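Enquirer: please work out how this folds:
(one chain, ligands or ions: 1)
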Amino acid sequence: MFVEKLARLFNVFKKDQKPAYITVPISHVNSAAQVQALPPMRMPRHVAIIMDGNGRWARRKELPRSAGHAAGVEALRDIIRASDDWGIEYLTIYAFSTENWARSHEEVEALMALLLKYFASEIDELDEKNVRITIIGNIGDLPEAQREAVRNAMARTKENTGLKLNIALSYGGRAELVRAAKALAQKAADGTLAPEDIDAQALEAELYTAGQPDVDLLIRTSGEMRLSNFLPWQTVYAELVFDRTLWPDFDRAAYMRALREYANRDRRYGRRDGETGEANA
Ligand code: FPP
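Expert: Predicted coordinates for the structure are as follows:
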């Protein structure tokens, strides 16, 4: 295990050689009691997060909603670092949905400004940590400066082999599926794909997340229990964890709670109890 951890640190493991169990480094656990209770646990390869509750967090503090989003960025920073520290391979975050364009002009502007600031301040560290950034969603909807910032971030980190960070921006799950259906229809019309050859694999290849594993664990904060048009294809067998914490207060301890919950789930993919032979397959 120690050798594996060391190898992971230097990134010499190929994807399929990664150990199924990961020991969380003691330095990232918050209390001595937690350290004692932490056995090696099964970790999700792909975590998706709906970062909800920024507005309520701000209201409780009698601050403008934009202050809630700014605090949300701080929380995000730490959760990305924790994901990297803990060996999560894929992290997908819902930063801005297609529906979010309908918010007030002031709030959309504040979120767009935060986005620009985020890429300017974080890109060096993310690149240094070997994080690969992919934007999922319609980049063309973004204002020019933001479009350029996200394109630069993707181009700059495209060879990185560490944490794969998908940032959903102007993303809608149904829109993603419609886009994939159009691409397949176009191939059929061009004669490069026969309609009878259209299967789940062909559709998956047209998604923003093409080639990535399905989501194993989806976390939504703030107590809301909805999926809100987030990754409908990729989450069909995901384990769902709804945490009451408002996103700006979501920290490593809360994240670890969700990971523990995941580790204790019995994933059966529609099979009967006990057929997988594994506690969490
Ligand atoms: C939902 O809270 C959150 C959002 C719509 C935006 C999430 C964005 C961030 C955390 C920061 C921006 C991200 C980057 C990458 C810069 P809400 O406003 O719906 O909260 P409420 O339900 O309490 O009103």
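Enquirer: residues of the stretch 151-281 of the chain that sit close to the ligand?
Expert: Neighbours of the ligand within the stretch 151-281 of the chain, by C-beta under 6 Å from any ligand atom: I167, S222, W247. The way it works is simple: take the backbone N, C-alpha and C, and place the C-beta from them, glycine included.
Enquirer: among the residues you listed, who's most crowded?
Expert: Counting by other C-beta atoms under 10 Å, W247 has the largest number of neighbours within those, with 27 neighbours.
Enquirer: quick check: phi and psi on it?
Expert: Phi and psi for W247, reported as degrees, to the nearest 10, are phi -50, psi -50.
Enquirer: who's in contact with it?
Expert: With contact taken as C-beta atoms under 8 Å, 6 or more residues apart in numbering, W247 is in contact with M51, D52, G53, N54, W57, G72, A75, T221, S222.
Enquirer: out of these, which is nearest to the ligand?
Expert: The ligand lies nearest to G72 out of those, by C-beta to the nearest ligand atom, at 3.0 Å.
Enquirer: what number of residues lie near E176?
Expert: E176 has 25 neighbours, counted by other C-beta under 10 Å.
Enquirer: which strand or helix spans it?
Expert: Per DSSP states H and E, E176 falls inside helix 173-190.
Enquirer: okay, buried residues for that helix please.
Expert: Buried residues in helix 173-190, counted by 16 or more other C-beta atoms under 10 Å: G173, E176, A180, A183, L184, K187.
Enquirer: pLDDT-wise, which helix or strand of the chain ranks last?
Expert: Of all helical and strand segments in the chain, the minimum by mean pLDDT, DSSP states H and E falls on helix 32-37, at a mean of 43.
Enquirer: run the chain-centre distance for the next helix-or-strand element following that one.
Expert: Going down the chain from helix 32-37, the next helix or strand is strand 41-42, by DSSP H and E. Relative to its parent chain, strand 41-42 has a centroid offset of 19 Å by C-alpha atoms, centre = their mean, to the nearest Å.
Enquirer: quick one: contacts of the helix or strand following strand 41-42?
Expert: Following strand 41-42 in sequence order, the next helix or strand is strand 46-50 (DSSP H and E). Residues from elsewhere that reach strand 46-50 (C-beta under 8 Å, 6+ apart): 79, 83, 88-94, 212-221, 224, 227-228, 230-231, 234-235, 238.
Enquirer: and what of stretch 112-128?
Expert: Here stretch 112-128 makes contact (C-beta under 8 Å, 6+ apart) with 66, 69-70, 73, 77, 80, 95-96, 133, 142-143, 145-146, 149-150, 152-153, 156-157, 160, 165, 169.
Enquirer: in the chain, what residue is nearest the ligand?
Expert: At 2.3 Å from the ligand, G55 is the closest residue in the chain, using C-beta to the nearest ligand atom.
Enquirer: residues near that residue, how many?
Expert: G55: 19 neighbours (other C-beta under 10 Å).
Enquirer: where does pLDDT dip in the chain?
Expert: 1-39, 273-281 (pLDDT under 70).
Enquirer: report the central residue of it.
Expert: With distances taken as C-alpha atoms, centre = their mean, T92 lies nearest the centre of the chain, 1.5 Å away.
Enquirer: which SS state does that one fall under?
Expert: Of the three states, T92 takes strand according to DSSP: H, G, I helix; E, B strand; the rest coil.
Enquirer: wait, it sits on Y208?
Expert: No - using C-beta atoms under 8 Å, T92 is not in contact with Y208, being 9.5 Å away.
Enquirer: what's the overlap in contacts for these two?
Expert: Residues touching both T92 and Y208 (C-beta under 8 Å, 6+ apart): I136, N166.
Enquirer: which residues of the stretch 1-150 of the chain lie near the ligand?
Expert: Taking C-beta under 6 Å from any ligand atom as the criterion, the stretch 1-150 of the chain approaches the ligand at residues 51-56, 69, 72-73, 76, 95, 100, 114-115, 118.
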